[in-house]
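Enquirer: got a structure for you, letters missing:
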Ligand SMILES: Nc1nc(=O)c2c([nH]1)NC[C@@H]1CN(c3ccc(C(=O)N[C@@H](CCC(=O)O)C(=O)O)cc3)C=[N+]21
C-alpha cells in the first residue's frame, strides 16, 4: 500500500464529459435546428452564488448550450418569483430551469421548486423527479450525486458489493447519492450517517467508499478512514484559509487509495452534469 492516495482529477474528468457533450450538442442542433437553453434564476446577491452561476454560464458556452440569467433583487416576493418560473415553464426556447439555492430568507424554496416544470427540472429537485429516482425510473439524475458516480466510474472504481458510507443526509446530496449507490447496476451496500450517529468514526472506518457530504470543514480526518478506502469529498466550505472540503486532505491522503481534492474534485462535475441534463431535457422536449 502506498502512503499517498491517487488524486481523482475532477476538473479533467469534467472536461472530458463536456468534450463528449459538445459533440452531442452539435448533433442535436443539426437534427432539431434548436439550441439547448438553460435558464438560471438568481435571487439576491450572495457572493458564492454569483461564482457558481458565472461558472455555469461559462460551461454552457463551452459546450454550445445557450444560457439565460434572470437576476431578481433580494426583496423579490414569492409571487414575483413564481411568476418568473411560470413564464420560463411556458417558454419554448427554454429547456432547463435552475433556481439557484439558497434563496433569500422569506422565500419558500419548497414551493418554488414544486412550481418548476418537472420536464425542465435539470437539478432534479422537484418531488416528481425525486420520486422517479427512488423508484428507479429517473428522468434526470441530480447533478452532484451523478457527478460523484461518474467520478467513480471513470476512475475505474467498481462499486458492486462495496460498503459505501455516506456521511450527510441532505436532500441535495446525501439522500439521492445513497439511492444511486444502492441502485441496481451500482450495487453498493450503503450506510447513511449523520450528526446523531453513534460512534461515527467506527462506521466510517468500515467504508470501502467514503462520501463526505456533511458541510463541516475538514471534519473527516485520516484516523476515520480505512487504509485503502476511496474518499470522495463533496464539501464546499469557505473559510479564512480559502475553499476547503469536508475532509482533512493532508491526513486523509496518507490513508486512502484514492481521494478527490477541493477545489477540483466534485464541484466541476456538478456543473458538467447540469449541462448533460440540459441536453437531455432539450432532447425530451423537442422530440
Ligand atoms: N439550484 C442549485 N443547483 C445547484 O447545483 C447548486 C445550488 N443551487 N446552490 C449551490 C450548490 C453548490 N454548487 C456548486 C457548483 C459548482 C462548484 C464548483 O465548481 N466548485 C469549484 C470551485 C469554485 C470556487 O472556487 O468557488 C471546485 O470545487 O473546483 C461548487 C459548488 C451547486 N449548487
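Expert: Noted; the coordinates are in hand. Only a predicted model underlies this, so the values are computations on that prediction, with no experimental measurement involved.

Enquirer: rest of the way, CA atoms for contacts and neighbours
Expert: Fine.

Enquirer: quick check: residues of the chain near the ligand?
Expert: Within the chain, the positions near the ligand by CA under 6 Å from any ligand atom are 52, 98-101, 123, 262-268, 270-271.

Enquirer: quick one: end-to-end distance for stretch 183-191.
Expert: 13 Å (CA to CA, to the nearest Å).

Enquirer: return the distance of it from the chain's centre.
Expert: In terms of CA atoms, centre = their mean, to the nearest Å, the centre of stretch 183-191 is set 18 Å apart from its chain centre.

Enquirer: circling back to that earlier point, what subset of the residues of the chain next to the ligand is buried?
Expert: 98-100, 123, 262-268, 270-271 (16 or more other CA atoms under 10 Å).

Enquirer: which stretches of the stretch 101-250 of the chain have low pLDDT?
Expert: Judged by pLDDT under 70, the stretch 101-250 of the chain has no weakly predicted residues.

Enquirer: quick check, the residue in it closest to the ligand?
Expert: The ligand sits closest to residue 101 of the stretch 101-250 of the chain, with a gap of 3.9 Å, by CA to the nearest ligand atom.

Enquirer: mind checking the SS state of that residue?
Expert: coil (DSSP: H, G, I helix; E, B strand; the rest coil).

Enquirer: ok, now which ones touch it?
Expert: Neighbour list for residue 101: residue 49 [criterion: CA atoms under 8 Å, 6 or more residues apart in numbering].

Enquirer: and if you look at residue 221?
Expert: 247, 248, 249, 251, 252.

Enquirer: how about a markdown table for those residues, with secondary structure added?
Expert: As requested, those are exported to a markdown table (three-state DSSP):
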| residue | secondary structure |
| --- | --- |
| 247 | strand |
| 248 | coil |
| 249 | helix |
| 251 | helix |
| 252 | helix |
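
Enquirer: could you tell me which of those residues count as buried?
Expert: Buried members of these, counted by 16+ other CA under 10 Å: 247, 248, 249, 251, 252.

Enquirer: ok, and the closest non-adjacent residue to the fourth one?
Expert: The shortest distance from residue 251 to any non-neighbouring residue, by CA to CA, 6 or more residues apart in numbering, is to residue 222 (4.6 Å).

Enquirer: ok, the one you found - contacts?
Expert: Taking CA under 8 Å, 6+ apart, one finds 248, 251, 252, 253, 254, 255 in contact with residue 222.

Enquirer: next one: it from residue 271, what distance?
Expert: Taking CA to CA, one finds residue 222 at 29 Å from residue 271.

Enquirer: next one: residue 126 from residue 34, what distance?
Expert: 25 Å.

Enquirer: okay, these two: which has more neighbours?
Expert: Counted by other CA atoms under 10 Å, residue 126 and residue 34 do not tie: residue 126 has more neighbours, with 22 against 13.

Enquirer: quick one, helices of the stretch 1-150 of the chain?
Expert: Shown for the stretch 1-150 of the chain, the helices assigned by DSSP state H, counting those that start in this stretch span residues 10-32, 47-63, 78-90, 109-115, 127-134, 143-154.

Enquirer: which residues touch the residue nearest to residue 14 when sequence neighbours are not counted?
Expert: Using CA to CA, 6+ apart and skipping the chain neighbours, the partner closest in space to residue 14 is residue 269 (5.1 Å). Residues counted as contacts of residue 269 (CA under 8 Å, 6+ apart) are 10, 11, 13, 14, 143, 144, 147, 148, 151.

Enquirer: may I ask you to confirm that the last one is in contact with residue 11?
Expert: No: at 10.2 Å, residue 151 does not count as touching residue 11 under the criterion of CA atoms under 8 Å.
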